[in-house]
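A.B. asks: pasted the sequence and its predicted model underneath.
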Amino acid sequence: MSKVIYEIVEHDGGWAYKVGETFSETFPTHDHARRAAETAAGEQQVPDVARGIEYEDSAGKWHGEVARGDDRPQTEVSDKD
């Protein structure tokens, strides 16, 4: 099982959460960013049904695959403050 870490960071004059190299929208306070990260992390663990998904990789190439829906990752919110 994979693990996804939501890291709280300063970003664009405010606060955001970051997963890998991808930032969320910018929030006005650290607390807002943390609550948003906790919500996103919780939602990512909710099982779903199998469905087709499309995504773009870092090279700009689009891929299609079937997500099982029952193979949810573990999630964690990392907050060094």
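C.D. replies: Yep, that arrived.
A.B. asks: distance of Thr75 relative to Gly60?
C.D. replies: Thr75 sits 27 Å away from Gly60, taking CB to CB, to the nearest Å as the criterion. In this view, the C-beta of every residue, glycine as well, is placed from N, C-alpha and C.
A.B. asks: more crowded one of the two?
C.D. replies: Comparing Thr75 with Gly60 by other CB atoms under 10 Å, the one with more neighbours is Thr75, at 19 against 6.
A.B. asks: wait, the more buried one touches Tyr17, no?
C.D. replies: No. The criterion here is CB atoms under 8 Å, and Thr75 misses it with Tyr17 at 11.1 Å.
A.B. asks: give me the common contacts of these two.
C.D. replies: When contacts are counted by CB atoms under 8 Å, 6 or more residues apart in numbering, Thr75 and Tyr17 are jointly contacted by Tyr6.
A.B. asks: point me to the residue sitting closest to the centre of the protein.
C.D. replies: Nearest to the mean C-alpha position of the chain, by CA atoms, centre = their mean, lies Val19 at 5.2 Å.
A.B. asks: and the pLDDT at it?
C.D. replies: Among the per-residue scores, Val19 shows a pLDDT of 94.
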